[in-house]
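S.K.: Sequence and predicted model, in that order:
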Amino acid sequence: MPARLEPFGEEHQAFRRTVRAFVEAELRPHARAWDEAGIFPRALFRRFGELGLFGIRHPTAWGGSGLDYWYVVAYAEELCRSRCAGLDMAMLVQGEMATPVIGALGTDEQKREFLAPALRGEKVAALAISEPDAGSDVAAIRTTARRDGDELVVNGAKTWITNGTRADFLTLLARTGEPGAGGLSLLTFPTDVKGFQVSRRLEKIGNHASDTALLFFEDCRVPARFLLGEPDRGFGYLMENFQGERLVAAVIAVAGARLLLEDARRYGEERRAFGRPLSSMQAWRHRLAQLSTEVEAARWLTYRACDLFDRGEPAQREISMAKLLACELAQRVAYDCMQLHGGMGYVLESDVARAWRDLRLLTIAGGTSEIMRELVSRAEGW
């Protein structure tokens with residue numbers, strides 16, 4: 001069944017307008033200040049929770065709205081208008097990366113203790129997967145969670161963890177069995193336990209307003225009841241969770257590229273060179289026309305993947321394709337739009353300069369472009 005040509009109904013559009021009004025009134029004016037400060041106010045987690053933005057597709061029983069995935073798409077697209085990618089990343093981790101697996105696998109007790117307060121924005125969540133020696137190669141993870149009676153004893157390190165310096169809990173992947181993909185488990189991990197340490201905050205090229213941390217675990221004891229799902233099945237659970245994370249990356253890549261093209265059009269009409277607007281010059285009209293065509297193609301490939309995901313159908317092939325195409329394309333759009341802005345595009349106060357460095361993350365996080373190509377090649381039988 002093909003994707004619907006118009007996936008958004010009137011209720012989706014009303015929701016979109018509400019999110020846009022919030023973003024433009026309460027987030028956009030502070031984007032540059034938060035980026036320069038390297039952090040945004042923690043109170044925003046509660047504000048997002050009050051607006052129901054963390055629980056869009058989570059069950060109503062735990063404080064969610066139980067809506068379809070197209071509401072998430074509308075939310076992510078409008079959130080990009082904040083022009084503060086670090087904030088966007090932190091909020092999407094909270095609602096779309098660290099908590100869905102708890103909603104899918106958690107016990108009622110885990111949902112009461114971790115999911116419900118996270119959806120309200122009362123607790124900050126982080127997804128702790130990558131390690132200093134294991135990024136895309138998830139099966140190589142070495143952090144352990146050894147069973148000791150009714151407890152798990154956690155030792156190891158995690159790195160590149162968004163929300164890591166102020167997370168109240170982690171959705172943590174650790175080794176509970178033999179080496180390889182078959183010996184990994186997911187668990188909820190409260191960060192107030194003895195032996196847990198935020199080693200340091202990592203300085204990044206972009207996404208400055210999001211805190212990214214290196215974490216250490218030394219004989220940390222948590223209740224064994226914090227295991228999510230069945231022991232030693234964490235790799236499979238995580239691969240399923242990755243689908244949502246990668247799909248969100250494709251959505252925000254397309255949305256970010258479209259915003260840059262909007263900016264380029266506006267600047268091209270205002271900026272004059274050799275006595276006429278830049279937008280009147282064929283070289284720039286054709287360059288932007290090509291990019292607009294490619295972005296539109298990426299948008300509909302992404303929407304196709306969203307449609308499959310929303311209906312619960314297998315979508316790894318389409319999601320991998322969408323992330324690969326959209327995130328690679330966003331780099332080129334940012335590069336060309338910065339070129340159009342000339343010197344103004346190179347100063348830090350400009351939106352295009354921040355977008356140029358922020359969008360670079362998308363071909364790395366959640367599975368690199370190289371991993372996406374491997375997944376697509378396997379799906380095609382090559």
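M.R.: Ah, there it is.
S.K.: only C-alpha atoms for contact and neighbour calcs from this point on.
M.R.: OK.
S.K.: ranges for the helices of this structure?
M.R.: Ranges of helices in the chain, per DSSP state H, are 10-22, 31-37, 43-50, 69-79, 85-92, 100-105, 108-110, 116-119, 234-270, 282-310, 316-341, 351-358, 369-379.
S.K.: Name the residues that touch the fourth one?
M.R.: Under the criterion C-alpha atoms under 8 Å, 6 or more residues apart in numbering, residues 7-8, 12-13, 15-16, 19-20, 23, 53, 56-57, 88, 92, 248, 251-252, 255-256, 306, 309-310 lie in contact with helix 69-79.
S.K.: Need the helices of the chain in JSON lines (columns: distance to residue 134 and mean pLDDT).
M.R.: Putting those into JSON lines (distance: least, C-alpha to C-alpha, whole Å; pLDDT from 0 to 100) gives the following:
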{"stretch": "helix 10-22", "distance to residue 134": "36", "mean pLDDT": "98"}
{"stretch": "helix 31-37", "distance to residue 134": "28", "mean pLDDT": "95"}
{"stretch": "helix 43-50", "distance to residue 134": "29", "mean pLDDT": "98"}
{"stretch": "helix 69-79", "distance to residue 134": "28", "mean pLDDT": "98"}
{"stretch": "helix 85-92", "distance to residue 134": "21", "mean pLDDT": "98"}
{"stretch": "helix 100-105", "distance to residue 134": "21", "mean pLDDT": "96"}
{"stretch": "helix 108-110", "distance to residue 134": "27", "mean pLDDT": "96"}
{"stretch": "helix 116-119", "distance to residue 134": "27", "mean pLDDT": "98"}
{"stretch": "helix 234-270", "distance to residue 134": "13", "mean pLDDT": "94"}
{"stretch": "helix 282-310", "distance to residue 134": "27", "mean pLDDT": "95"}
{"stretch": "helix 316-341", "distance to residue 134": "20", "mean pLDDT": "96"}
{"stretch": "helix 351-358", "distance to residue 134": "23", "mean pLDDT": "95"}
{"stretch": "helix 369-379", "distance to residue 134": "14", "mean pLDDT": "96"}
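S.K.: Give me the contact list for stretch 312-319.
M.R.: 243, 246-247, 301-302, 304-306, 308-309, 375-376, 379.
S.K.: that older thread, kindly present the helices of the chain as a markdown table, with separate columns for distance to residue 212.
M.R.: Shown next, in a markdown table, are the helices of the chain (distance: least, C-alpha to C-alpha, whole Å):
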| stretch | distance to residue 212 |
| --- | --- |
| helix 10-22 | 25 |
| helix 31-37 | 14 |
| helix 43-50 | 16 |
| helix 69-79 | 20 |
| helix 85-92 | 9 |
| helix 100-105 | 21 |
| helix 108-110 | 25 |
| helix 116-119 | 19 |
| helix 234-270 | 17 |
| helix 282-310 | 27 |
| helix 316-341 | 21 |
| helix 351-358 | 14 |
| helix 369-379 | 21 |
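S.K.: Let me have these in a markdown table, extended by distance to residue 191 and mean neighbour count.
M.R.: Listed next are the helices of the chain as a markdown table, based on distance: least, C-alpha to C-alpha, whole Å; neighbours: other C-alpha atoms under 10 Å:
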| stretch | distance to residue 191 | mean neighbour count |
| --- | --- | --- |
| helix 10-22 | 31 | 15 |
| helix 31-37 | 24 | 17 |
| helix 43-50 | 17 | 17 |
| helix 69-79 | 28 | 22 |
| helix 85-92 | 17 | 24 |
| helix 100-105 | 16 | 19 |
| helix 108-110 | 15 | 14 |
| helix 116-119 | 14 | 24 |
| helix 234-270 | 20 | 21 |
| helix 282-310 | 32 | 18 |
| helix 316-341 | 32 | 24 |
| helix 351-358 | 28 | 22 |
| helix 369-379 | 31 | 16 |
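S.K.: And these: which comes nearest residue 147?
M.R.: Closest approach to residue 147 among these (C-alpha to C-alpha): helix 234-270, 15.4 Å.
S.K.: now for the closest one, which elements pack on it?
M.R.: helix 69-79, helix 100-105, strand 184-190, strand 276-277, helix 282-310, helix 316-341 (3 or more C-alpha pairs under 8 Å, 6 or more residues apart in numbering; DSSP states H and E).
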